[in-house]
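# Curious how this folds, go ahead:
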Amino acid sequence: MQPRKLHGLITTATPDSSEYDRKPENCLVVVEREVPDLSGAQLLVKVRATAINRADIMQRHGRYPPPPGETDILGLECAGEIVEVGPGCKRDWKRGDRVMALVGGGGYADLCVVEEACTIHIPENWTFEQAAAVPEAWLTASQLLMFVAQTKPGDWVLIHAGASGVGLAAVQIATKVVGAKAICTAGSQEKLNACIARGASEALNYKDADGAFSERVLQITEGHGVDVILDCIGGSMYEQNAKCLAIDARWVIYGTLGGTKVPSFDLRVLMSKRASMLASTLRNRDLSYKASLIKNLEQYIMPRFVSKECEPVIAKVFYSLESVPEAHRFVESNANIGKVVVSLTDETSSL
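This is a model prediction of the structure:
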């Protein structure tokens, strides 16, 4: 019997590659690999849709290698149909079940091995594209709010990049699941409107007043400040974030789109507010931690998807693996409101 094959996208770029060689059309290539044998509680999924994440773009640049043991094929999430169930699986999966999954790599492929513990049934009447927009963004947002920051009902939450995939998930989780109040920042009126439509109390254009949003945040909160900051920007917003802190605030850094360096860092700012500065990632967490995030999502968020109280927001759908370079360029342009999804429903595999 001939080995089964899968086809997926890898990057040829390295940390030393030129800007030209890091462009998606120049470094993303399709490779053919043997489908690995399933071990333990794993599932083989025929991928019908995947989604683009900033981490994928960093990996494409050669600056975010996969964790040890993970495939070098890009993609941190997928949605599709089960084609094989591993010997150690405990749930009643069967061939043809529609699932979405968080993966450490391999989502940009026609077939993907996923861990049972990181797999969720797709709600009835959902498309594969809707499902692909959920795992990375909604698990990241719920992790930051519910696990790391320990957000409480009534807390004020400041969410930067509020119209991103994670941002719009965080707005909905904060306001509709936790019972907190959200303030978002974004860079256009259309993005601000999207934040308000998903539950934010206020949305501020970070480009206004030379980026000095802290005064407006303090006005909105009547001098209280924010109890939680979800910060994917980093260095460029440090000073304004610091001015927004409430007493006992939790400042969670999960990205550095605005730089990794802070010119002047005064520890007294944190001490005076008894504030905690926290940092978090998801991809390199262990399986048991990811499984706890999945269970939390199934318990608190999936019912709100079914009731339509919450929804994954899709900015644009691209079609086929060959369209991934274009999808990367779209995300890098910062034009998206919500997730950018790649549909593989017309793809064929050697299965």
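# Could you check how many residues crowd around S17?
18 (other C-beta atoms under 10 Å). Yep, even glycine has a C-beta here, placed from its N, CA and C like the rest.
# can you pull out the helices in the stretch 201-350 of the chain?
Secondary structure of the stretch 201-350 of the chain, counting by DSSP state H, counting those that start in this stretch: helices at 214-220, 238-244, 267-273, 287-296, 302-306, 324-332.
# Show me what counts as buried in the first one.
Which is helix 214-220. S214, R216, V217, L218, I220 (16 or more other C-beta atoms under 10 Å).
# Make TSV out of the residues you listed and add pLDDT and distance to A315.
Formatted as TSV, the buried residues of helix 214-220 follow (pLDDT from 0 to 100; distance: C-beta to C-beta, whole Å):
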residue	pLDDT	distance to A315
S214	92	29
R216	94	26
V217	96	26
L218	96	32
I220	97	27
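# out of those, who's nearest E34?
V217 (53.2 Å; C-beta to C-beta).
# For the closest one, which non-adjacent residue is closest in space?
Once flanking residues are discounted, V217 sits nearest to C244: 4.7 Å by C-beta to C-beta, 6 or more residues apart in numbering.
# same question, E84
Leaving aside its sequence neighbours, E84 sits nearest to L44 (C-beta to C-beta, 6+ apart; 3.9 Å).
# that older thread, contact partners for the residue nearest to V217?
L158, F213, S214, V217, L218, G225, V226, I229 (C-beta atoms under 8 Å, 6 or more residues apart in numbering).
# In this protein, where's the longest strand?
Ranked by number of residues, the top strand in the chain under DSSP state E is strand 42-52.
# helices and strands around the helix or strand just after it, which ones?
Once the chain leaves strand 42-52, the next helix or strand it forms, by DSSP states H and E, is helix 54-60. When contacts are defined as 3 or more C-beta pairs under 8 Å, 6 or more residues apart in numbering; DSSP states H and E, helix 54-60 packs onto helix 324-332.
# How much space separates the nearest residue to A279 once chain neighbours are set aside from V148?
Leaving aside its sequence neighbours, A279 sits nearest to I253 (C-beta to C-beta, 6+ apart; 4.7 Å). Using C-beta to C-beta, to the nearest Å, one gets 10 Å for the distance from I253 to V148.
# Mind listing the shared neighbours of those two?
L278, S280.
# low-confidence ranges in the chain?
1-3, 211, 346-351 (pLDDT under 70).
# quick check: domain ranges of it?
5-134+312-343, 138-279 (automatic domain parsing).
# so what's the residue nearest to T14 when sequence neighbours are not counted up against?
Using C-beta to C-beta, 6+ apart and skipping the chain neighbours, the partner closest in space to T14 is G62 (4.3 Å). G62 sits next to T11, A13, T14, P15, D16, S17, R22 when contact means C-beta under 8 Å, 6+ apart.
# Show me which of the residues you listed are buried.
Buried among these (16+ other C-beta under 10 Å): T11, A13, S17, R22.
# Format these as CSV; extra columns: secondary structure and distance to A133.
Putting the buried ones among the contacts of G62 into CSV (DSSP: H, G, I helix; E, B strand; the rest coil; distance: C-beta to C-beta, whole Å) gives the following:
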residue, secondary structure, distance to A133
T11, strand, 23
A13, coil, 26
S17, coil, 30
R22, helix, 26
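# so which of these would you say is closest to K290?
T11 (23.8 Å).
# Tell me what the closest one is bridged to.
L28 (DSSP bridges).
# how about it, what does it touch?
C27, L28, V29, Q59, R60, H61, G62, D72, L74.
# again with H160
H160 neighbours (C-beta under 8 Å, 6+ apart): G167, C184, T185, Y206, I229, L230, D231, C232, I233, M237.
# quick one: the nearest residue to the last one once chain neighbours are set aside from T185, how far?
Just to be clear, that refers to M237. Counting by C-beta to C-beta, 6+ apart, the nearest residue to M237 once its immediate chain neighbours are dropped is G258, at 5.7 Å. G258 sits 11 Å away from T185, going by C-beta to C-beta.
# can you check A51 too?
23 Å.
# Count the residues that sit near the closest residue to T127 other than its chain neighbours.
Leaving aside its chain neighbours, T127 sits nearest to A49 (7.8 Å; criterion: C-beta to C-beta, 6+ apart). Counted with other C-beta under 10 Å, residues neighbouring A49 total 24.
# now do G88
11.
# which ones are touching it?
S39, G40, A41, Q42, E116.
# If we use 6 Å, what do you get?
Neighbouring residues of G88 by C-beta atoms under 6 Å, 6 or more residues apart in numbering: G40, A41.
# What strand or helix carries I183?
Going by DSSP H and E, I183 is part of strand 181-186.
# which helices and strands sit right next to the helix or strand following that strand?
Sequence order places helix 189-197 as the next helix or strand after strand 181-186, per DSSP H and E. Applying 3 or more C-beta pairs under 6 Å, 6 or more residues apart in numbering; DSSP states H and E, one finds that helix 189-197 makes contact with strand 202-205.
# Could you list every helix and strand that the strand it packs on packs against?
Identification of packing neighbours for strand 202-205 by 3+ C-beta pairs under 6 Å, 6+ apart yields strand 181-186, helix 189-197.
# what's the spacing between that strand and its chain's center?
How far strand 202-205 lies from its chain's middle: 21 Å, per C-alpha atoms, centre = their mean, to the nearest Å.
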